[in-house]
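>>> Okay, predicted coordinates and the sequence, questions at the end:
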Amino acid sequence: MNGLPMAVPAPGLPARVRIHEVGARDGLQNEKTAVPTEVKAEFIRRLAAAGLRTVEATSFVHPKWVPQLADAEQLYPQLADLAGAGVHLPVLVPNERGLDRALALGADRIAVFGSATETFAARNLNRTVAESLAMFEPVVARAKEGGAHVRGYLSMCFGDPWEGPVPVAQVVGTAKALLDLGCDELSLGDTIGTGTPGHVRSLLTALNGAGVATDRIGVHFHDTYGQALANTLAALEHGVATVDASAGGLGGCPYAKSATGNLATEDLVWMLDGLGIETGVDLAALTATSVWMAERLGRPSPSRTVRALSHKE
């Protein structure tokens, strides 16, 4: 086994996919044991060295809500040389105060995190969907005025643990509202992993019908029910070329109890390599990075590809 799949391209797929790596933020945010700042910085450096050009670095939320990311001010300056070398380091900001903290450190890629459902908005943001959009409006406007790229995360796009399946029209409405605020890019989140390929196609088609171009859409699938790669392939077939993933399959969502398992970046890269789709990622280096991080967290990686490639008889 040489650690690479046979490449057999399929027609109609993007020639290149941009992987939006979320392991250092979404992956680590709900770890119970504090990960030292130096380990986070080394993790991000190794991810960049493996060829990932977009590595979400941290979140400027109040430490009370996400204690694991309380060191954002200490971490971000340690990564300045990566930004200078062409690696994008997006950061999540919940409000204007978070934006102020991020901009003070020179962040030029900002993300806001909204919800397609009222229950999750209430539990995660302590606001209605409309109130959360109103809160994001000045954040997005000020970020754009400062020349920053803004990503809008939209969670619960397929299912909600309290409300059940989420109507496509409801997701489209909130997605449009986020883009109307000025977001450059939209990330569609299957926060509890209940989406299936037909549902993915239906939502993407509906978004196009509402005037949202496919090149402004990224997808963020969880593998709770084993659907993440199938859903990703459905999105690729629709023309989506930005896919979120987490090195080693780290993380879930601390506010959605049933959400486990981000799509592992290695599993995604294995599939994309097999389809002949360029990513710029060295799978062996990425796998070694996830093994290294798993050792620091004290448990094996949940990624099937990491386990297969790192298994020793």
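Yes, it's here. Numbers count the residues shown, from 1 in each chain.
>>> Quickly find the element holding residue 150.
strand 149-155 (DSSP states H and E).
>>> And the next helix or strand past that strand?
strand 159-160.
>>> mind checking how far the next helix or strand after that following strand is from the chain centre?
Using DSSP H and E, the next helix or strand after strand 159-160 towards the C-terminus is strand 164-165. Counting by Cα atoms, centre = their mean, to the nearest Å, strand 164-165 is centred 22 Å from the centre of its parent chain.
>>> and if you look at stretch 190-198?
Using Cα atoms, centre = their mean, the offset of stretch 190-198 from its chain centre is 15 Å.
>>> and what of stretch 170-177?
Stretch 170-177 sits 19 Å away from the centroid of its parent chain (Cα atoms, centre = their mean).
>>> And stretch 121-129, by the same measure?
Counting by Cα atoms, centre = their mean, stretch 121-129 is centred 20 Å from the centre of its parent chain.
>>> can I get the CA coordinates of it in PDB?
This file holds the C-alpha atoms of stretch 121-129, laid out as PDB (Å, rounded to 0.1, in the frame of the first residue of the first chain):
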ATOM      1  CA  ALA A 121     -30.300  30.500  17.500                       C
ATOM      2  CA  ALA A 122     -31.800  30.800  20.900                       C
ATOM      3  CA  ARG A 123     -29.600  28.200  22.400                       C
ATOM      4  CA  ASN A 124     -26.300  29.200  20.700                       C
ATOM      5  CA  LEU A 125     -26.700  32.900  20.200                       C
ATOM      6  CA  ASN A 126     -29.400  33.800  22.800                       C
ATOM      7  CA  ARG A 127     -31.300  35.600  20.100                       C
ATOM      8  CA  THR A 128     -33.900  35.000  17.400                       C
ATOM      9  CA  VAL A 129     -32.600  34.400  13.900                       C
END
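>>> which stretches of the stretch 151-300 of the chain form strands?
Taking DSSP state E, counting those that start in this stretch, the strands of the stretch 151-300 of the chain run over residues 159-160, 164-165, 185-190, 217-221, 242-245.
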